[in-house]
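Asker: A predicted structure for the sequence below; I have some questions about it.
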Amino acid sequence: MDISFLLVKLSDLVLQEAALFREVEGQVRVLRNELEWMRLVLEDADGRRIQDKMLKLLVNQIREAAYDAEDVIDDFMFKVERQRQQRLDHLNVLRFLPTCVTVADKLSFVHELDARVKEINVTIEKILANKSRYNIQSPTLSDATASSMEVVVRREKWPPIDREVDLVGRKDDTEAVTRMLVAGEKCRQVVAIVGMGGLGKTAISEKVFYVVRHQFDCAAMVSVSHEYRIQELFISIANAIMVDLSTEKRNEMTNMVENQLAREVWNYLKDKRYLIVLDDVWSTKVWDGLNSYFPKSNRSCRVLITTRDQEIASHAYSTTHRLQRLDNKDSWELFVKRTFQIQSSSTESVVCPKELEDLGRSITAKCQGLPLPIVVVGDLLSRKPKTEAWWSKILHNMEWLLSQGSDSCYGILALSYINGLPHSLKYCFLYFGTFPKDWEIEAKKLIQLWISEGLVQPRGKETMEDVAEDYLELLIQRSMIQVGKRRSNGKVKSCRIHDVLHDLAISIARDSKFFEVSRNSNFISPVRRLIVHDHRNYTAQHLQSLRLGSMICSLDFHAESLKSFVGAKLLTVLDLTITGHHRIKQLPEEVGQLIHLKYFSLRGATLVRFPRSIGRLLNLRILDLETSIILSIPCSIWKLHQLRYLHSGYSWISNHSIMERCLSGHLGVHQLTNLRTLHLRPDSWLEISCTFEKLTQLQVLNLYEGVIKSSYKLCSPSLVKLKLEYCKLEQDPMLTLDNLPKLSVLKLIMCEYLGRKMTCSSERFPLLQSLRLVALPELQELQVEDGAMPVLKTLQIAKCPKMKKLLHALLQLKNLQLLELEEMASDLIEEIRTTDGEEFDKIRLITKVEGNFLIRLQD
């Protein structure tokens, strides 16, 4: 749990309800102070691998007390808001009647709050008293180091099998790294092996070290790990390179301070050709602490580092070799050799029995090319009977088997990954376990969920979205997350997580009660986040008893099931994806009671209408109805002033009635002044001249399935991306849209435009980098005047069969880097292919033509 988020919530509540909190000021102050201490204890515990059972119990009790405190605050806010809404419903027939909830109205809530906060403070006092009574010590650095060393030692206690077996499929990698070390310039060079944990970086570095070390005057290989001490690293290096050192001198060096040791190492290396291998480097600080004491001589010295983090390799200005996962063939070979304990020197050819091969290949497939789980499972099977029954049991219990013991696959990965993560990133990594296995995860959705859950911490003047994007890039650099696709601007569009790390995230999340993946409905409270990927029957009472804060569901459910979800009154995140054949006609009005909701996603639904009570979700930041079909969304949606992201799906937002205008005044999208992203059908709201003047944070706008009239005012000063899809364009959109000074990406897709020409006026679109025109059947010419689109890098034109005039426009685009043409007139393609001139030679170099085939016009 991130208590920082709870502290912010408590501070906000005190400010909002200042008059009330004078009644309970003392208890709230005590709670806030206790929460600060609890935050530090939990952050320290989250950063270490706790083996002590009493300490683990203490941490769990602290975490549960923090959850209780959050529930108390949320309960209070829920009751106050519910009473305010009830008063509003009864008294707001005439606008001048009071709608606020008075102090007197809230007095009973205040007394209840005071009593419950006192209870929590007493509970915390008892927890801390038990810590002293039973002499429970917090983990120290030496404990963590010992734990770290324990894992390293135990790793070497695996079955005594030739190390060469672990290098199956790594011949090319080994040879490539070897060449980097023995070839190249005579100066000192740094080489880095980069890849996710469990890929075999250590095994390759050891192999290469023993192959090439005789070509150097001296060599050392040291394991750095997460819990390192520079002094101990220098001692290890010195003992390895100074082989002729006397025992007396070695003892003397053990007592030296860090600077003296470093100077001894530097003096010894300065006249020698040396090789230093630093295995498992976790921080740039390690390199900064050692780098200056590795002399930069002209003797072809080499430093080899292994790391999961690309940033560390770049920081060391290294030549990088990135490891990939094993293919199916090599994975199978490694599995067979480990399972049947074949030595590398053996000429014996062992074949897996036919009756076991299908099971064996299924087991191997679950490891997805990662050597570490293949080795762990293979070693286990080597000690078990070679029968179908045993192998079938192993296949169906792999997740459990990989998690058993401190030297298990998960144990080693947990030490490698989680202990090395900053606290702010740990829960962001664990959150990947909320998605189904093998899922290509939308980066946009992931970031929205992180922010809504309070996992992203503010950083200066940066937006939360920018900070979250940095978090994701850091996880990618550390080889924990893989990039699926990137956008044209280089940002991550989608990502995925390896199955083994997915299981690890779920295992750790369960242990810390961060979330629970549903396999049945028998949970022990508290469950803060419930993940459901198959159909279960949950009652409203049951969900309320769980004290849920988030619910993420992808399932085929009935309308009755939906009613049970809104029984969890403290939800902050509700993410529903409807699959299968069931269709629901409407959402229950009780949705409006979920006043804590910050994120609401409903995809795949077909609804007649959306409940009017949606306008009560005043804390809502994200409303995602993508792929849902809703005949009518009430205009009360415009009351959600905190919205940052709105996707209305295939839906229309209704106009407000005369009565609603009398009660609420004019409602419209211009009131959503916090919007950053808007997906909406174009309508009369675009005719309001002040709309975009007020939407000063809007960066992404997608208009679809409507008419873009010439009277519409598209003049946003902040808009970066604009997409018009399935729209009817009454005039040249380039003339309508050229008053967007920050526009970087423009897409016109499947639009009905009867004009024959589009004209980009001189000096317009100053920051446009990407232009995409798709399926504009009547378009014949794209005209680009002098100085228009000066920084355009990508131009994509597809399915515009009548376009004939493009060449002059291409000559105006001096910074164009990619031209993609798909299903275009053959005459136009031929003209680009055959027109003489140096400028057209350059254009041909950057052009791709795609139809039934893909070619470059010139290689």
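Answerer: Sure thing, it's come through.
Asker: below-threshold pLDDT in the stretch 401-550 of the chain: ranges please.
Answerer: Within the stretch 401-550 of the chain, the stretches with pLDDT under 70 are 401-420, 519-526, 533-549.
Asker: let's see 50
Answerer: 406, 540 (pLDDT under 50).
Asker: mind listing the helices for it?
Answerer: 409-417, 423-430, 443-452, 464-477, 499-511, 540-545 (DSSP state H, counting those that start in this stretch).
Asker: tell me the buried residues in the helix or strand where Ile127 lies?
Answerer: Ile127 belongs to helix 103-133 when assigned by DSSP states H and E. Of all the residues in helix 103-133, those buried under the rule 16 or more other C-beta atoms under 10 Å are 106, 109-110, 113-114, 116-117, 120-121, 123-124, 127-128, 131. C-beta: built from backbone N, CA, C; applies to glycine.
Asker: please name every helix or strand in contact with that helix.
Answerer: If you count contacts as 3 or more C-beta pairs under 8 Å, 6 or more residues apart in numbering; DSSP states H and E, helix 103-133 packs onto helix 18-21, helix 25-46, helix 53-91.
Asker: any idea of the angle that helix forms with helix 53-91?
Answerer: 180 degrees (axes from the mean of the first three to the mean of the last three C-alpha atoms, to 10 degrees).
Asker: hmm, back to that, among the helices and strands packed on helix 103-133, where is the model least confident on average?
Answerer: Of all the helices and strands packed on helix 103-133, helix 18-21 carries the lowest average pLDDT, namely a mean of 54.
Asker: could I get the phi/psi values of Val194?
Answerer: Dihedral pair for Val194: phi -120, psi 140, per degrees, to the nearest 10.
Asker: ugh, typo on my part, it should be Ile633
Answerer: With angles defined as degrees, to the nearest 10, Ile633 sits at phi -110, psi 130.
Asker: wait, doesn't Lys493 sit right on Ala443?
Answerer: Yes: using C-beta atoms under 8 Å, Lys493 is in contact with Ala443, at 5.9 Å.
Asker: neighbour count for those two, which is higher?
Answerer: Higher neighbour count among Lys493 and Ala443: Ala443, with 21 against 15, using other C-beta atoms under 10 Å.
Asker: leaving out chain neighbours, which residue sits closest to the more buried one?
Answerer: Spatial nearest neighbour of Ala443, chain neighbours left out: Val492 (4.4 Å); criterion: C-beta to C-beta, 6 or more residues apart in numbering.
Asker: which ones are touching that neighbour?
Answerer: For Val492, the contacting residues are Ala443, Glu469, Leu472, Glu473, Ile476, Val483, Gly484, Lys485, Arg486, by C-beta atoms under 8 Å, 6 or more residues apart in numbering.
Asker: ok, 7 Å please
Answerer: Ala443, Leu472, Val483, Arg486 (C-beta atoms under 7 Å, 6 or more residues apart in numbering).
Asker: do you know how far the first one is from Arg772?
Answerer: It refers to Ala443. Ala443 sits at a distance of 20 Å from Arg772 (criterion: C-beta to C-beta, to the nearest Å).
Asker: how about Asn702?
Answerer: From Asn702 across to Arg772, the span is 13 Å (C-beta to C-beta).
Asker: one more: Glu752?
Answerer: As judged by C-beta to C-beta, Glu752 and Arg772 stand 17 Å apart.
Asker: same check on Leu574?
Answerer: In terms of C-beta to C-beta, Leu574 sits 34 Å off from Arg772.
Asker: same drill for those two, tell me which one is more crowded.
Answerer: In this view Leu574 and Arg772 are compared by other C-beta under 10 Å, and Leu574 has more residues nearby, 22 against 17.
Asker: against Leu819, how distant is the more buried one?
Answerer: 44 Å.
Asker: now do Ile797
Answerer: 8 Å.
Asker: ditto for Ala825
Answerer: Taken as C-beta to C-beta, the span from Ala825 to Leu819 is 15 Å.
Asker: tell me which of those two has more neighbours.
Answerer: Neighbour count, other C-beta under 10 Å: between Ala825 and Leu819, Leu819 has more, with 21 against 16.
Asker: do you know how far the more buried one is from Ser762?
Answerer: From Leu819 to Ser762 the distance is 22 Å (C-beta to C-beta).
Asker: helices of the stretch 551-700 of the chain, start to end?
Answerer: Using DSSP H, counting those that start in this stretch, the helices of the stretch 551-700 of the chain run over 559-565, 658-664, 691-694.
Asker: and those helices, which one's lowest on average pLDDT?
Answerer: Among the helices of the stretch 551-700 of the chain, helix 658-664 has the lowest mean pLDDT, at a mean of 53.
Asker: and the closest residue to Gln593 other than its chain neighbours, how far from Asp358?
Answerer: Counting by C-beta to C-beta, 6+ apart, Gln593 lies nearest to Lys569, which is 6.2 Å off, once chain neighbours are set aside. In this structure, Lys569 and Asp358 are 49 Å apart, going by C-beta to C-beta.
Asker: ok, the two, which is more surrounded?
Answerer: Of the pair Lys569 and Asp358, Lys569 is the one with more neighbours under other C-beta under 10 Å, namely 20 against 13.
Asker: centroid residue for this protein?
Answerer: For the chain, the residue nearest the mean C-alpha position is Leu472 (4.6 Å; C-alpha atoms, centre = their mean).
Asker: distance of that one from Gln260?
Answerer: Applying C-beta to C-beta, the value for Leu472 to Gln260 is 43 Å.
Asker: okay, now Arg179: neighbour count?
Answerer: The tally of other residues near Arg179 (other C-beta under 10 Å) stands at 14.
Asker: quick check: which element contains it?
Answerer: helix 171-182.
Asker: ditto for Thr320
Answerer: Using DSSP H and E, Thr320 falls in strand 319-322.
Asker: packing partners of that strand?
Answerer: The contact analysis (3 or more C-beta pairs under 7 Å, 6 or more residues apart in numbering; DSSP states H and E) places strand 319-322 against helix 171-182, strand 189-194.
Asker: try 8 Å this time
Answerer: Using 3+ C-beta pairs under 8 Å, 6+ apart, strand 319-322 is in contact with helix 171-182, strand 189-194, helix 310-315.
Asker: OK, contacts around Thr364?
Answerer: Asn328, Ser331, Trp332, Phe335, Ile374.
Asker: distance of the closest residue to the second one other than its chain neighbours relative to His396?
Answerer: Among residues not flanking Ser331 along the chain, Thr364 sits closest, at 5.0 Å (C-beta to C-beta, 6+ apart). Taking C-beta to C-beta as the measure, Thr364 falls 15 Å from His396.
Asker: with Gln796 instead?
Answerer: 48 Å.
Asker: contacts for stretch 263-276, please.
Answerer: Stretch 263-276 is contacted by residues 181, 209, 212-213, 216-222, 234, 237-238, 241-242, 253, 256, 293-295, 297, 299-304 when judged by C-beta under 8 Å, 6+ apart.
Asker: swap in stretch 762-775?
Answerer: By C-beta under 8 Å, 6+ apart, the list of residues contacting stretch 762-775 from outside reads 488-489, 734, 738, 740-751, 758, 779, 782, 785-800.
Asker: how long is it from one end to the other?
Answerer: 25 Å (C-alpha to C-alpha, to the nearest Å).
Asker: in it, what counts as buried?
Answerer: Neighbour-count burial for stretch 762-775, counted by 16+ other C-beta under 10 Å, picks out Arg764, Phe765, Leu768, Gln769, Ser770, Leu771, Arg772, Leu773, Val774, Ala775.
Asker: Gly615 and Asn655, how far apart?
Answerer: In terms of C-beta to C-beta, Gly615 sits 15 Å off from Asn655.
Asker: what do you get for Lys639?
Answerer: Between Lys639 and Asn655 the computed distance is 15 Å (C-beta to C-beta).
Asker: those two: who's more crowded?
Answerer: Legend: neighbour count by other C-beta under 10 Å for Lys639 and Asn655, higher for Lys639 (18 against 12).
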